[in-house]
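Q: what follows is a predicted protein model with its sequence.
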Amino acid sequence: MRVCILGSGLSSLTLAKALVNQSIYVDLFSQKKIDSQDKSRTIGISKSNIEFFNNSIMNIDKISWKLKKIEIFSDNLREEKLINFENNENQLFSIIKNQKLFECLEKSLSTEKYFKKINLVKNFDFLENYNLVINTDSTSPITKKYFSRKILKKYNSFAYTTIIQHEKIDNDVAVQIFTKLGPIAFLPISKKETSVVYSVYNKKNENINSLIEKYNFKYKIQKIDKINSFELKSLSLRSYYHNHILAFGDLIHKIHPLAGQGFNMTIRDIKVLLEIIISKYSLGLKVDSSVNYEFEKKLKHKNFIFSNGIDFIHEFFNFERKMNTSLLSKSVQLLNKNSKINKLFTKIADRGTLI
Ligand SMILES: Cc1cc2nc3c(=O)[nH]c(=O)nc-3n(C[C@H](O)[C@H](O)[C@H](O)COP(=O)(O)OP(=O)(O)OC[C@H]3O[C@@H](n4cnc5c(N)ncnc54)[C@H](O)[C@@H]3O)c2cc1C
């Protein structure tokens, strides 16, 4: 059996590796020029997704930095934490540099006999040779042709990402502050490095370095690396597939980075897609467009609800920021003091669901 994947971002490489591990041939078509990742970007992966990654894709323990605690503050209520996610015996989340994950996946795939990387050509007639095509490439003509109907939201915000180099400390607690300009997250990646993601409302802001200094209350900063920025949007694709072509990764759901869940959603999607393919394959059934139908049926509504949940958190703090009140923060603080509710929040962040 041979599957075609379009695109060579994190989603496609991760899916390709998951498939070749099941002895399924993968032909991955990529555009030559953009085979790399932004060096300032990191991704937080939840505990259960790391376990799935290690068991079913590849072991990434060596490149991940484990976090035991996530503390959330608000500008309106600086003295006391809003929410505190904690797991003393085990990790809660792991932070990985996008570039490192990308390189590890590429290296591992390059030695696989089931894997072939092919330069994309302008004519897409070759897609007819495959029973199943998985498209992750947002810039592909196939995307414009079949996957343009979506629910799109522009946040009127920019995300700024960088890495700060600092003096050595025990660095296993992530901090997020809902500031008046938007949420800023400090995500440890080693004893001496912490990644920063600052999502700023309304306008392009030139003073990110000084804002990072303002909100940093933990690190003795030695250097702030180059700052990268890009516009923030969320989207949910209306139809996940067209005949034998399935859209995948950020192409089907893009969300605000405030909860660090975008790629986590894709890992959960890979788990489900893999289950569908393996069950058909082992029963000797055709792995074709019926996979796409089942995948959409199982996941579209769940992903839509989850994406809306993330958007709700964004709007909640945006409302508080606009109203200039600490009332909402205080109510979150109160809710979080209830240990059952705290466990509930932690479970959703880890598994994307309560089940
Ligand atoms: C600031 C920020 C922080 C984040 N933090 C987290 C986190 O902590 N945890 C988490 O789970 N998720 C996080 N995410 C989401 C995560 O980064 C994405 O879900 C993931 O990188 C998407 O990978 P992808 O392969 O689906 O898409 P892409 O990286 O967009 O790549 C898909 C394909 O599209 C094509 N493509 C894309 N852009 C171009 C272009 N400009 N030109 C040509 N071709 C292109 C390429 O072929 C590529 O192969 C974050 C996102 C942002 C913006």
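A: Cool, got the structure. Residues are numbered from 1 along each chain as shown.

Q: ok, and the closest non-adjacent residue to the residue of the stretch 101-250 of the chain found nearest the ligand?
A: Distances between the stretch 101-250 of the chain and the ligand by C-beta to the nearest ligand atom are smallest at residue 249, namely 2.6 Å. Bear in mind the C-beta positions are built from the backbone N, C-alpha and C, glycine included. Once flanking residues are discounted, residue 249 sits nearest to residue 11: 2.8 Å by C-beta to C-beta, 6 or more residues apart in numbering.

Q: the one you found touches residue 266, doesn't it?
A: Yes - counting by C-beta atoms under 8 Å, residue 266 is a contact partner of residue 11 at 4.9 Å.

Q: which neighbours do these two have in common?
A: Shared contacts of residue 11 and residue 266 (C-beta atoms under 8 Å, 6 or more residues apart in numbering): 248-250.

Q: just to revisit the earlier point, mind listing what the residue nearest to residue 249 touches?
A: Counting by C-beta under 8 Å, 6+ apart, residue 11 touches 136, 248-250, 263, 266.

Q: now the helices for the stretch 251-355 of the chain?
A: 262-282, 289-323, 327-337, 339-351 (DSSP state H, counting those that start in this stretch).

Q: pick the most deeply packed of these.
A: Sort the helices of the stretch 251-355 of the chain by mean neighbour count, taking mean count of other C-beta atoms under 10 Å, and helix 262-282 sits at the top with a mean of 19.

Q: let's verify residue 94: helix, strand, or coil?
A: strand (DSSP: H, G, I helix; E, B strand; the rest coil).

Q: got the confidence number for the closest residue to it other than its chain neighbours?
A: Distances taken as C-beta to C-beta, 6+ apart place residue 64 nearest to residue 94, at 3.8 Å, with adjacent residues excluded. For residue 64, the pLDDT comes out at 96.

Q: what angle separates the longest strand seen in the chain from helix 289-323?
A: The residue-count maximum for a strand in the chain (DSSP state E) belongs to strand 150-166. Relative orientation of strand 150-166 and helix 289-323, computed by axes from the mean of the first three to the mean of the last three C-alpha atoms, to 10 degrees: 70 degrees.

Q: now strand 150-166: buried residues?
A: Buried residues in strand 150-166, counted by 16 or more other C-beta atoms under 10 Å: 150, 153, 155, 157-164, 166.

Q: and the ligand, which of these reach it?
A: Under the cut-off given by C-beta under 6 Å from any ligand atom, the ligand has 159, 161 from the buried residues of strand 150-166 close to it.

Q: of the buried residues of strand 150-166, closest to residue 69?
A: residue 166 (18.1 Å; C-beta to C-beta).

Q: what's the nearest residue to the closest one if we skip its chain neighbours?
A: residue 219 (3.9 Å).

Q: residues near the one you found, how many?
A: Close neighbours of residue 219, defined as other C-beta atoms under 10 Å, add up to 19.

Q: list the buried residues of stretch 115-124.
A: 115, 117, 120, 124.

Q: now the residues you listed as CSV including secondary structure and pLDDT?
A: Shown next, in CSV, are these (DSSP: H, G, I helix; E, B strand; the rest coil; pLDDT from 0 to 100):
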residue, secondary structure, pLDDT
115, strand, 98
117, strand, 96
120, coil, 85
124, coil, 90
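
Q: wait, what's in contact with the residue most central in space within the chain?
A: Of all residues in the chain, the one closest to the mean position by C-alpha atoms, centre = their mean is residue 263, 2.3 Å from it. By C-beta under 8 Å, 6+ apart, the residues touching residue 263 are 10-11, 43, 45.
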